[in-house]
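In: sequence plus the predicted model coming up.
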Amino acid sequence: MAAFFDWFRWLYEATGINLTILYDAFDRQRMVAGFWTTVWLCLVCIALSVVIGVVGAWLQGSSLKWTRRAVQGFIALFRDTPPLVQIYFFYFGLGALLPRVPNAYGIPEPVLTNVQWAIISLSLFAGAFNIEIFRSGIEAVPRATVEAAEALGYSRLRAYVHVVLPLAFRICLPALNNNLVNLVKTTTLAYAIAVPEMLYVAKQIWSDATNVPEMMVFLLLAYVFLVGCVVWVMGRIERRLKVPGIGL
Amino acid sequence: MSGGRILPVILPPGARGATGGPWRAPTLRARHGAVLVLALLLAVGAAEAAAEPGRPSILGTLWRWTPLLLEGFVFNIAISLLAMAIGTVAGLAVGLGLISPNPGVRGVSWCLTQLFRNAPWLVLLFFVMFLLPFEFRVGGVTIPFPGWIKATLGFALPVMANTAEIVRGAIQSIPYGQWEAAESLAFSRRRTLWTIILPQCVKRMLPPWMNLYSLVAMATVQASVVGVTEMLTLVSEVHAAEGGRPELLAPLYGYALLCFFLYCYPIGRLTARLERRFQVRI
Amino acid sequence: MAAWTPDQPLLRLADVHKSFGAVEVLKGVGFDVMKGEVVCIIGPSGSGKSTILRCINALVPIDRGSILVEGQEVNDPRLDKLALRRKVGMVFQQYNLFPHKTALQNVMMAPLQVLKQDKAEVEARAHRLMAKVRLQDKEQSYPGELSGGQQQRVAIARSLAMNPELMLFDEVTAALDPETVKEVLVTIRELAEEGMTCVLVTHEMGFAREVGDHIYFTDRGVIVEHGPPKEFFARASDPRTRQFLDQIL
């Protein structure tokens, strides 16, 4: 392993291609930590956004007009405003309005850290899209299919669980796929509030080592890799659920 | 859609029409945008309550800085329009490359599309900002290359890749019979493409392309992260000029949210309407 | 109310009215179906035929009148719809199979999930039903892989899996290719011959004449004329019926 890393030191000396993240232990640790921060941010936000999507789509089926409108407003708000401004609004705006609580050493600290704010705002942002995606999936299940279930004695809830949701999920997979890929890309915005994710770490490293082009290429490849992972996992799910005749 | 027999088991989303159903999304009208204004006022109110007495009111502050902030917003829109124009032209070329009979052209186009479509916009922005020179020298003449132009190019890259995908998708959605019919009329490939296929594609491309524009408009604020002065930069400058009062941040950023919402929401509605209208007439 | 006995009609409709908004689709429909009887309802499109079936299965509530299944009022809000739908099976024009389940799973789903019956028993019955509709070799196919006629036969098996007393067929051959119509009709005729009580809405006059015990002709929300098939087709007197039959035959 050491020889492998040293080879990159040699590469730097020989060609000037300076990959400090490989031969320099400190930079390597920073980047590994940044990479995992990004991965963790992605996973938590994906999970939360899917939950928001399911709950929101369910609320949107409510019989109360204002509940539906509130959900609709939430979607419009988060979909038609820049996610970066949303993050600033949450972190700087709301963060400043929340009270500070003393920590273990008695020093007042914000209630929520920048990482937590990033998670909240990114999840809400992607969740708003997920609501729409799930709702249109549910709407695409033909009324007649639900009726057939009712004619077989299914209650409303059972028909929903056994017929509507399995179908709706399959229908909305491609759109969900797109949105989750988008979410992975959007996590870079957490950079703006100093969350030590991959882009932030890369910036630190190239400030120290002035190896901008190398880090840039690395970043591009790293994100293309992460996006590829999401696409691969979603593709597997899609194949597993594939049923002949549901051609979407 | 996969090929073969498509049975009427699943309707495309949004095409339910006459069958109706219990899960209808309510349409949001302009007056519901009032809720947003209300939210802003609430934020202002909360901030007002937190403010120490004797300070200028928050609404008054917002009003005073409105000309400057709106100027910044217009700049954002200008960047987005320019990026969209450049990206669309380049994207059309790459999109045609994606369906080129030449495998080399196809491969290069595919790589460009995948790379710039899957990389985060902010990373692309850094990429362009740091790797392009701040001035060009053409035969002794120095052409300055300011940050905002570089940022525009940075936004044009993902626009290009996404437009390419849109173009490819639209062209491939045109039935192959159209190509055959044109060929039987002795049209060349290029002629068929420009006079027969592409005109039919415009309708299909318009909604996703407008969606893309909306995304670009919202992404322009990211330019502030790489040091281009635009609306968000101005927001923090205004905040500093007002003495850095923390309770002023929520209303200021809320104000920025409102500007973008008022600009992008109508675009989104129009896109949705076009999508519905074009869907019926396939 | 006196308990229902087999000598009473299994299904009794009396003065059934139903409107959708301002449009009155049923304007006082009434008829009886005895156990083991096969009743065919014919008539022009939009005459309310399908609505009658949907009302019987409580898929749509009626405005006025009464529908009795085994002496039980369908229109009663306190009615246990599950119990009713266990007694009444319905087959739709568009088959409406569950596309994410195989043919066999489609047949097994409702007995397992709604009636909570024993899995082995349900599976054995499902195999028998698939054989009955001559699709034992298609048990593992998804609806998307089956032809219209095959899907419709699976749909019939799916309804039969609930052991219904009464089967409703809503224009079950209207969406099929001419060559597959026959296989579905054969299945229905076999059911009728076994003594299943059936109400069919159909455009297949030949089939109605062959298997029907009684024909009802509806137009604009009322029953215009009815009778046993031989008499009905030979001596229908109402001009509306004559005009309809002339167009069809």
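Out: That came in fine, so what should we check first?
In: okay, CA-based contacts and neighbour counts for the rest of this
Out: OK.
In: hmm, A:Asn130 is touching A:Ile52, no?
Out: Yes. Using Cα atoms under 8 Å, A:Asn130 makes contact with A:Ile52 at a distance of 7.5 Å.
In: which of the two has more neighbours?
Out: A:Asn130 (29 against 21; other Cα atoms under 10 Å in any protein chain shown).
In: now that one, nearest residue through space, not along the chain?
Out: A:Gly53 (4.5 Å; Cα to Cα, 6 or more residues apart in numbering or on different chains).
In: that neighbour: neighbour count?
Out: Around A:Gly53 there are 24 residues (other Cα under 10 Å).
In: what helix or strand is it on?
Out: helix A:25-60 (DSSP states H and E).
In: and the angle from the next helix or strand after that helix to helix A:25-60?
Out: Once the chain leaves helix A:25-60, the next helix or strand it forms, by DSSP H and E, is helix A:65-79. Interaxial angle, helix A:65-79 versus helix A:25-60 (axes from the mean of the first three to the mean of the last three Cα atoms, to 10 degrees): 150 degrees.
In: just checking, what packs against helix A:65-79?
Out: On a contact count with 3 or more Cα pairs under 8 Å, 6 or more residues apart in numbering or on different chains; DSSP states H and E, helix A:65-79 meets helix A:25-60, helix A:114-140.
In: can you list those in JSON lines and add mean pLDDT?
Out: Putting these into JSON lines (pLDDT from 0 to 100) gives the following:
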{"stretch": "helix A:25-60", "mean pLDDT": "92"}
{"stretch": "helix A:114-140", "mean pLDDT": "92"}
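In: and of those helices, who's closest to C:Leu104?
Out: helix A:114-140 (24.4 Å; Cα to Cα).
In: tell me which strands and helices the helix or strand just after that closest one is in contact with?
Out: Following helix A:114-140 in sequence order, the next helix or strand is helix A:143-151 (DSSP H and E). Applying 3+ Cα pairs under 8 Å, 6+ apart, one finds that helix A:143-151 contacts helix A:156-159, strand C:88-91.
In: and the first one, which residues are buried?
Out: When neighbours are counted by 16 or more other Cα atoms under 10 Å in any protein chain shown, the buried residues of helix A:156-159 are found to be A:Ala159.
In: any part of the next helix or strand after it near chain C?
Out: Using DSSP H and E, the next helix or strand after helix A:156-159 towards the C-terminus is helix A:165-186. Yes. Helix A:165-186 lies within reach of chain C by Cα under 8 Å from any Cα of the partner chain, at A:166-167.
In: returning to what we had before: which ones are touching the residue nearest to A:Asn130?
Out: With contact taken as Cα atoms under 8 Å, 6 or more residues apart in numbering or on different chains, A:Gly53 is in contact with A:127-134.
In: give me that answer again for 7 Å
Out: Counting by Cα atoms under 7 Å, 6 or more residues apart in numbering or on different chains, A:Gly53 makes contact with A:127-128, A:130-131, A:134.
In: which members of those residues are classed as buried?
Out: By neighbour count, with 16+ other Cα under 10 Å, the contacts of A:Gly53 hold A:127-128, A:130-131, A:134 as buried.
In: ok, these vs A:Leu167, which is closest?
Out: Nearest to A:Leu167 among the buried ones among the contacts of A:Gly53, with distances taken as Cα to Cα, is A:Phe134, at 10.9 Å.
In: list the contacts of that closest one.
Out: When contacts are counted by Cα under 7 Å, 6+ apart, A:Phe134 touches A:53-54, A:57, A:172.
In: ok, it to chain C distance?
Out: To chain C, A:Phe134 is 17 Å away according to Cα to the nearest Cα, to the nearest Å.
In: where exactly do the helices run in chain B?
Out: B:34-50, B:58-98, B:103-118, B:121-131, B:147-173, B:176-184, B:189-191, B:198-219, B:231-241, B:249-280 (DSSP state H).
In: what's the most buried one of those helices?
Out: Greatest average neighbour count among these goes to helix B:147-173 (a mean of 24), per mean count of other Cα atoms under 10 Å in any protein chain shown.
In: need the contact list for the most centrally placed residue in chain A.
Out: Nearest residue to the geometric centre of chain A (Cα atoms, centre = their mean): A:Leu183, 3.7 Å. By Cα under 7 Å, 6+ apart, the contact set of A:Leu183 is A:Ala126.
In: looking at the stretch 51-200 of chain B, what residue ends up closest to chain C?
Out: Proximity of the stretch 51-200 of chain B to chain C (Cα to the nearest Cα) peaks at B:Ser173, 22.7 Å away.
In: can you tell me how far the residue nearest to B:Val159 when sequence neighbours are not counted sits from B:Arg273?
Out: Leaving aside its chain neighbours, B:Val159 sits nearest to B:Gly87 (4.9 Å; criterion: Cα to Cα, 6+ apart). Going from B:Gly87 to B:Arg273 by Cα to Cα, to the nearest Å gives 24 Å.
In: cool, B:Gly140 as well?
Out: Computed as Cα to Cα, the B:Gly140 to B:Arg273 distance reads 53 Å.
In: what does the stretch 101-250 of chain B put close to chain A?
Out: Counting by Cα under 7 Å from any Cα of the partner chain, the stretch 101-250 of chain B comes close to chain A at B:115, B:118-120, B:122, B:127, B:131, B:218-219, B:222, B:225, B:246-247, B:249-250.
In: am I right that C:Thr218 sits in a strand?
Out: Yes. Under DSSP: H, G, I helix; E, B strand; the rest coil, C:Thr218 sits within a strand.
In: picking that back up, any idea how far the helix holding A:Gly53 is from the chain center?
Out: 5 Å (Cα atoms, centre = their mean, to the nearest Å).
In: next, the angle from that helix to helix A:165-186.
Out: Counting by the same axes, to 10 degrees, helix A:25-60 lies at 140 degrees to helix A:165-186.
In: just want the angle from helix A:25-60 to helix A:114-140.
Out: Going by the same axes, to 10 degrees, helix A:25-60 makes 40 degrees with helix A:114-140.
In: chain neighbours aside, what residue packs nearest to whichever residue of chain B sits closest to chain A?
Out: The minimum distance from chain B to chain A, using Cα to the nearest Cα, falls at B:Ala250 (3.5 Å). Leaving aside its sequence neighbours, B:Ala250 sits nearest to A:Gly93 (Cα to Cα, 6+ apart; 3.5 Å).
In: my read: that neighbour touches B:Tyr255, true?
Out: No. Contact criterion Cα atoms under 7 Å: A:Gly93 and B:Tyr255 do not qualify, at 11.2 Å.
In: returning to that earlier point: could you pull out the buried residues of the helix holding A:Gly53?
Out: For helix A:25-60, by 16+ other Cα under 10 Å, it's A:27-28, A:30-35, A:37-39, A:41-42, A:45-46, A:48-54, A:56-60.
In: next: stretch A:158-172.
Out: By 16+ other Cα under 10 Å, the buried positions in stretch A:158-172 come out as A:159-160, A:162-172.
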